[in-house]
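> below are the sequence and a predicted model; questions follow.
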Amino acid sequence: MTLKDTRPGMVVRIDSVGESALKQRLMTMGLIPGTRVEILNSAPFGDPIALRLRSYNLAMRRDDAAQIEVSEVG
Amino acid sequence: MSALSVALTGNPNTGKSTIFNELTGARQKIGNWPGVTVDKKVGVIEHNGRKISVIDLPGTYSINARSQEEQVVSDFFKTNKPDIVVNIIDASNIARNLFLTIQLMENGIPLILNLNMMDEAERHGIKIDMKKLEAAFGMPVTNTVGRSNKSVRKLLDVFTNAVMTNYTPSKLISEHIERVRNLERSGLAPAKVEEEIISARYDLIDKIMASAVTVSAAGKTLTEKLDSFLANGVTSILLMIAIFYLMFQISFNWIGQPLADIVGEFFDETLVPWAAESMEAAGVEGWMQSLVSDGIIAGVGAVINFVPLIFTLFIILSFLDGTGYMARVAFIMDPIMRRAGLSGKSIMPLMMGFGCAVPAIMANRALDTHKDRMISIFVTPFITCNAKVPIIALFAAMFFPDNVANVVFAMYFLGIITAIVMAKVLSSTMFKEQQSTFLLELPPYRLPDPKTVLLEAWDKGKGYLIKAGTIIFAMSVIIWFLSSFNSDGMTEDMDSSYLASIGSATSVIFAPQGFDTWEAGAAAVTGILAKEAVVSTMGILYGAGDDISTEDEDVAESAETMMATSMGGAFTPLTALAFMVFSLLYSPCMTALGTVKKEAQGFKWMAFVFFYTTAVAWVASLIVYQGGKLLGFE
């Protein structure tokens, strides 16, 4: 599953971040393997999504989220 | 003793600017870093008899030189060795904030770690042991309460007392640096090395967090509660519309306009008669009197009139930005903006565009990618700025007296629609190959520091005041000269003035739109100098003199005055509508064009904006006129 396929309320752990022009920026923002991510809410039409990780909130588009492999926890 | 140099660095949304403003007050200079469009803020203060020069580096998440801001910070530390570097850390977001801290330490920069907003962190269940954090880094740790002046002033004592040489990086940090150096020497692909280093930094953060920070589960925070309304689903859009409606009500009707009326009254009833009398008494020559009264005071006055409106709008926008709400607007508008080829982050610049295009174009710096930035810069000028409002107001009152509000609303709407359509066109043609992304921190809701809000609004709006003092001043003189002189010298007959020659040469291109009079041509040309000039030029040319005003209660009266002149006959309702559409959409004013050149970094982009907006306006007004004729209007 990728982060793109998650729904608000889910809690996931990052497995890997795929190759893309955005990869280093995503990692810099704390999206690295092992990080726990909570999916908070979404904009109208479900995209972009708001995430909570490392005690802060981050918004990203689902297309960019598709680069991030995750598995559900808890 | 030379001035102590202090640099403030940190992530965005850490309250760094507020600390800088508390430290330096109004004694700050805002300039530009060489070669890039990033603000450079410097302030000088004195404390305990010591001069301290504080520089506020742009807020960045890292110093990898991926954006202009990161480039600035990275270059700064390569070429400068400030006595003290303060890393401002949002205590409630310490985990991600420490990323920059560690990267700075890797570069051998000794730091003071200043934890800001500890009180807020504690409410979120985050407890930081400052002593342990100090031990983990081997660097001094201080704390401030963002908006408390007292706690920020305490920092000054730290600056003058801290002896950075007493501190050396801890074993933990030295080991990390060693690990980074080994990775750099490993011979792996550069991208792979960078990724390994990023992971290593977060490993270290996890270790430090485990030793110095306890995170306990807190209940739902206020931010989460608010976001379930303000940043969630379709209701959030309705709330946004209500908030913006209120903002425009306040800016244009409740506070801005009443203030503008007072300023306008002062100009019309006090300054103009006073200037006329003084010049009369001093025996100033007639042409000079005419230059000062009809040219300069009328021209500059027309611009000063908008100052209260623009500042009210910018103060509200800066306030909303400071609360964290504008990030939510970017978030909820992104689905719509994305479909139009823009980014949700374009909302702030476009909103500012209702005030003045110049700061609006500059605000596009905040956008993520080159593509988003360029498109947003190119469509911002279509938004109906304050200076275009008099054109709409006057023409609507003259030619559509029964439908003024509808016509004004339709014109605002037309500007927005044109911006969206052109964004779509540009993104699927010129910028087709480029990527657009949207990655945005949603900071916790906070009550912004009033001083910071005011300083930011001032920073955004001051360009408009400078414009009034320089460009408009010069323009008033030029228009006055062009309309009062021809090759034989001064003339009373405007039909034979230089302006008439220029106007009739220009008006040729308006033949298919039905408003090819020299007066319309002249108004269009002067409008490029400044949009305010369109109405005042028409006022002068059609001989209505100074009676032209677009203030609320006067507009109908002015319209009647104007109708009585030859202007009533020069336009039909249909050609008037075509002219309004053209004036609304064609080339932005000179100041805005100059800003495009600077922000898009190229003369060719300025030329592009000039020609493509004018072409769009020409076609749109052609459609209005010819379409209207086909439908049987005239």
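Ah, there it is.
> low-confidence stretches in the chain?
Assuming you mean chain A. For chain A, the stretches flagged by pLDDT under 70 are A:74.
> switch to chain B, please.
Residue ranges of chain B with pLDDT under 70: B:1, B:35, B:146, B:218, B:302, B:468, B:543-565, B:634.
> for the longest strand along it, C-alpha coordinates in PDB please.
Looking across chain B with DSSP state E, the single longest strand is strand B:39-47. What follows is strand B:39-47, C-alpha atoms only, in PDB (Å, rounded to 0.1, in the frame of the first residue of the first chain):
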ATOM      1  CA  ASP B  39      14.300  39.500   1.800                       C
ATOM      2  CA  LYS B  40      17.400  40.400   3.800                       C
ATOM      3  CA  LYS B  41      16.500  41.700   7.200                       C
ATOM      4  CA  VAL B  42      19.100  43.400   9.400                       C
ATOM      5  CA  GLY B  43      18.700  45.400  12.600                       C
ATOM      6  CA  VAL B  44      21.100  47.200  14.900                       C
ATOM      7  CA  ILE B  45      20.600  47.500  18.600                       C
ATOM      8  CA  GLU B  46      22.600  48.600  21.600                       C
ATOM      9  CA  HIS B  47      22.700  46.600  24.800                       C
END
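> output the contacting helices and strands for the lengthiest helix in chain B.
Using DSSP state H, we find that the single longest helix of chain B is helix B:603-630. For helix B:603-630, the helices and strands in contact under the criterion 3 or more CB pairs under 8 Å, 6 or more residues apart in numbering or on different chains; DSSP states H and E are helix B:370-379, helix B:404-428, helix B:573-585, helix B:590-599. C-beta: built from backbone N, CA, C; applies to glycine.
> minimum distance to B:Val534: which of the ones you listed has it?
Counting by CB to CB, B:Val534 lies closest to helix B:573-585 out of the helices and strands packed on helix B:603-630; the figure is 5.7 Å.
> that older thread, out of the helices and strands packed on helix B:603-630, flag the one nearest B:Ile177.
Comparing the helices and strands packed on helix B:603-630 by CB to CB, helix B:370-379 comes nearest, at 33.5 Å.
> could you check how far the longest helix of chain B is from the centre of its chain?
Relative to its chain's centre, helix B:603-630 lies at 25 Å (CA atoms, centre = their mean, to the nearest Å).
> then stretch B:64-84?
Per CA atoms, centre = their mean, the centroid offset for stretch B:64-84 relative to its chain is 24 Å.
> which of the residues in it are buried?
B:64, B:67-77, B:82-84 (16 or more other CB atoms under 10 Å in any protein chain shown).
> tell me the spacing between B:Leu100 and chain A.
With the distance defined as CB to the nearest CB, to the nearest Å, B:Leu100 ends up 9 Å from chain A.
> confirm for me that that residue is in contact with B:Lys16.
No: with contact defined as CB atoms under 8 Å, B:Leu100 does not reach B:Lys16; the gap is 11.3 Å.
> so what sits against both of these two?
Common contacts of B:Leu100 and B:Lys16 (CB atoms under 8 Å, 6 or more residues apart in numbering or on different chains): B:9-10.
> that older thread, ok, so of the buried residues of stretch B:64-84, who is nearest B:Ile94?
Distances from B:Ile94 to these, taken by CB to CB, are shortest for B:Val73, at 19.7 Å.
> residues contacting that closest one?
B:9, B:57-58, B:60, B:63 are the contacts of B:Val73 under CB under 8 Å, 6+ apart.
> measure B:Met475 to B:Ala533 for me?
According to CB to CB, to the nearest Å, B:Met475 and B:Ala533 sit 6 Å apart.
> before we move on, the earlier item: distance to B:Ile52 and mean neighbour count added to the helices and strands packed on helix B:603-630, as a markdown table?
As requested, the helices and strands packed on helix B:603-630 are exported to a markdown table (distance: least, CB to CB, whole Å; neighbours: other CB atoms under 10 Å in any protein chain shown):
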| stretch | distance to B:Ile52 | mean neighbour count |
| --- | --- | --- |
| helix B:370-379 | 35 | 24 |
| helix B:404-428 | 45 | 18 |
| helix B:573-585 | 50 | 24 |
| helix B:590-599 | 31 | 21 |
